[in-house]
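Q: below is the sequence, then the predicted model.
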Amino acid sequence: MSELPDYVLDPNAVLKDTEATWRHGNPPDYSNTRAFYEKTKQKTHEQGSLQFLVENLVKNWEIEASFKTNLADWRTIDQDVYTFSLNGGKPRSGHHMLEVGTYNALLTASQYYDPAKNSFDDSHKSFKRMMPTFAWEVLEVYAGPPVVVARWRHWGEMKNDYVGYNSSGEKVTVKAHGGVIDIKGLIVAKVNEKLQVQSIDVWFDPMEMFRQIGQEGNGASSGSGCPFARQ
């Protein structure tokens, strides 16, 4: 255990990188998200288990991708070869994710949202304001290093209204329903001997979150008969 890198042992390891260049000047505060995770998670992984290690690696990778603005500061990736892709699509570099943001890299154009019409900052305002805590956990790991295959869950509560720009360039507002947004998917990640990510392919339905935001299919709607309003 002591020979393993800290980013697979501690979900908050990279938050201690005080010399890194952080998006807002200092490491972000994940205390509320971690508390929400502990309260509402579905799995409790034994310390040192493969599930435990993979979960911590991805959590630290997400922190770096979202908040470290210098790719050279990302410790969870193999700097020479790292790529990211969505649903088997075109592999993208870390610099691409730094430019567009983690949400925009993971979402596709729809009636609710369009990555091309929302900046990095806009995307974080849309989703972090809507869900102040958005926890992530590993549900199962099907294969271990060097190619890790795992099923995951990402969830939070819709505390505030969703506001974003859709594929038509229209501003879309969805009133907060206070319920849980709960999405699941797979990751296929190749790692090196240091357990740094060389490539990561995230598989999920990008529209699932928006269906839950709009509560489509369960009879919920606004007074206009539509769960969202365009402006």
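A: Received it, and whenever you're ready, just let me know what you need.
Q: so residue 128 makes contact with residue 122?
A: No: here residue 128 lies out of contact with residue 122, judged by CB atoms under 8 Å, at a distance of 11.0 Å. Backbone N, C-alpha and C define where each C-beta goes, glycine included.
Q: what's near enough to touch residue 182?
A: Under the criterion of CB atoms under 8 Å, 6 or more residues apart in numbering, the contact partners of residue 182 comprise 153-155, 212.
Q: nearest to residue 30, of these?
A: Of all these, residue 154 has the smallest distance to residue 30: 14.4 Å, by CB to CB.
Q: and for that closest one, the neighbour number?
A: 19 (other CB atoms under 10 Å).
Q: how close does it get to residue 143?
A: Distance, residue 154 to residue 143, by CB to CB, to the nearest Å: 20 Å.
Q: likewise for residue 192?
A: Residue 192 sits 16 Å away from residue 143, going by CB to CB.
Q: more neighbours, those two?
A: The neighbour count for residue 192 versus residue 143, taken as other CB under 10 Å, is higher for residue 192 (15 against 12).
Q: can you pull the phi/psi pair for that one?
A: Main-chain dihedrals, residue 192, degrees, to the nearest 10: phi -90, psi -170.
Q: ok, for it, nearest residue in space, not its chain neighbours?
A: Closest residue in space to residue 192, ignoring its immediate chain neighbours: residue 78 at 5.0 Å, by CB to CB, 6 or more residues apart in numbering.
Q: one more: residue 23?
A: Among residues not flanking residue 23 along the chain, residue 67 sits closest, at 4.8 Å (CB to CB, 6+ apart).
Q: isn't the one you found up against residue 22?
A: Yes: taking CB under 8 Å as the definition, residue 67 is a contact partner of residue 22 at 5.6 Å.
Q: please enumerate the strands of the protein.
A: Secondary structure of the chain (DSSP state E): strands at 83-86, 134-143, 147-157, 162-165, 171-174, 180-191, 197-203, 229-230.
Q: looking at those strands, which is buried most?
A: Among the strands of the chain, ranked by average contacts under mean count of other CB atoms under 10 Å, first place goes to strand 162-165 (a mean of 22).
Q: using PDB, write out every CA atom in it.
A: In PDB, the C-alpha atoms belonging to strand 162-165 read as follows (Å, rounded to 0.1, in the frame of the first residue of the first chain):
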ATOM      1  CA  TYR A 162     -31.000  24.800 -14.400                       C
ATOM      2  CA  VAL A 163     -30.000  27.500 -16.800                       C
ATOM      3  CA  GLY A 164     -28.000  26.900 -20.000                       C
ATOM      4  CA  TYR A 165     -28.000  27.600 -23.800                       C
END
